[in-house]
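Chemist: pasting the sequence and the predicted coordinates here, then a few questions.
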Amino acid sequence: MIEGMSFHRVVAYAAPGVTALGLGIVNAVFGPRPDDPGFDLAICAHQPGPLLTDLGLALRVDHGLDLLTTADLVIVLPAVDYHVAASHPVLPRLRAAHERGAIMAAHCVGTFALAAAGLLSGLRVTTHWQFADELADRHPEVRVEPEALYLDEGSIVTGAGAAAGMDMCLHLVRRDHGAGRANMIARGLVVAPHRDGGQAQYISAPVPSTSADERLAAVLAWARAHLDRELSLDILAARALTSRRSFVRHFRSATGTSPHAWLRDQRLALAEELLETTDLSVEQIATRVGYRNAAVLREQFVRRRGVSPRAYRRTFAGSARRARPGNDLADPPR
């Protein structure tokens, strides 16, 4: 959670040849839904009128660049025409939105527009792995990290290619509106609220291709369901029917991280959801997610989330409960 940052009005900028997938992702996450009408999404282009998508289908866009002045969150969508000329009128509009305090986000080749606007200098950013070298060559002032699914630099968030736009958008919801709301949206879309690892794992092996991959997937599912237990490396390796050394090597290759870091992230994610959606005490939540006591949970939470568990609960618990369909609880959690 970033102190002082939140958003309601979402404006997505679509250039000629905008990807239909990119449009679908922002609408799926931020578009209207009966159970969560909280976001106000609009699409803008260079000028109102028909706009061709990458599929060759015409999209009618009702808003021009003036709409960017109303945005709390600006998302630059990927498009076929992703090379933005220095004289393009969208660039000063993007800079003005950023200076005004809007959160700026882009995924895939949409990142090129934020770089052309001068908003990424000195920052860690990502894009589709196929375009990472080009982005680095065109903008040497930017620190391109092609292995990441998304990177959060506070007021600037960038995502990798294609479906990683979903990861980026769900991260923005989770960061500023809580894990409960992000999980609710993810459940409706039948996607994982948080994918593990970086995009490198999807370049060469997008689906499990061996029995070892299938065993690892089963171990991850089992570990998520038993976070309250001791989950040592020996226990996990034994369930995967492999040695400790082989398990660690295969785990990192498949997820992009270590078993220890993965378990920590899973425990903190579950703690977030329990803080938002239950009346359990912090001590009870600590036990439920596998920490010895509340002090250990608090230390990890402050280090990784920047706030204490109780401060997180005060910020997100009420809105998360209201977002749950059929939930009319009005009393704040203890």
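Modeler: Thanks, I have it. Numbers count the residues shown, from 1 in each chain.
Chemist: the bottom helix or strand of this protein by mean pLDDT?
Modeler: None of the helices or strands of the chain scores lower by mean pLDDT, DSSP states H and E than helix 200-204, at a mean of 40.
Chemist: show residues contacting the helix or strand following that one.
Modeler: Next helix or strand after helix 200-204 toward the C-terminus (DSSP states H and E): helix 211-225. With Cβ atoms under 8 Å, 6 or more residues apart in numbering as the test, helix 211-225 has contacts from 196, 205, 208, 231, 236, 239-242, 250-251, 254-255, 262-263, 266. Backbone N, C-alpha and C define where each C-beta goes, glycine included.
Chemist: what about 7 Å?
Modeler: 208, 231, 236, 239-241, 250-251, 254, 263, 266 (Cβ atoms under 7 Å, 6 or more residues apart in numbering).
Chemist: so what's the closest residue to Arg229 other than its chain neighbours up against?
Modeler: Excluding the flanking residues, the one nearest Arg229 by Cβ to Cβ, 6 or more residues apart in numbering is Gly290, at 6.7 Å. Counting by Cβ under 7 Å, 6+ apart, Gly290 makes contact with 227-229, 231, 267.
Chemist: tell me the most packed of those, by neighbour count.
Modeler: Most neighbours among those, by other Cβ atoms under 10 Å: Arg267, with 23 neighbours.
Chemist: so it is in which element?
Modeler: For Arg267, the element it lies in under DSSP H and E is helix 259-277.
Chemist: distance between that helix and the chain's centre?
Modeler: Distance of helix 259-277 from the chain centroid (Cα atoms, centre = their mean, to the nearest Å) equals 15 Å.
Chemist: what's the domain layout of this structure?
Modeler: Annotated domains of the chain cover 9-189, 205-256, 266-323 [automatic domain parsing].
Chemist: need these in CSV with mean pLDDT, can you?
Modeler: Putting those into CSV (pLDDT from 0 to 100) gives the following:
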stretch, mean pLDDT
domain 9-189, 93
domain 205-256, 83
domain 266-323, 85
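Chemist: hang on, the earlier thing: gap between the residue nearest to Arg229 and Phe30?
Modeler: 33 Å (Cβ to Cβ, to the nearest Å).
Chemist: same question, His177
Modeler: The value you get for His177 to Phe30, if Cβ to Cβ is used, is 11 Å.
Chemist: the two: which is more packed in?
Modeler: Under the criterion of other Cβ under 10 Å, the comparison of His177 against Phe30 puts Phe30 first, with 26 against 23.
Chemist: what's near enough to touch that one?
Modeler: 10, 39, 41, 169 are the contacts of Phe30 under Cβ under 7 Å, 6+ apart.
Chemist: picking up where we left off before, among the contacts of helix 211-225, which one has the most neighbours?
Modeler: That'd be Phe251 among those, by other Cβ under 10 Å, with 24 neighbours.
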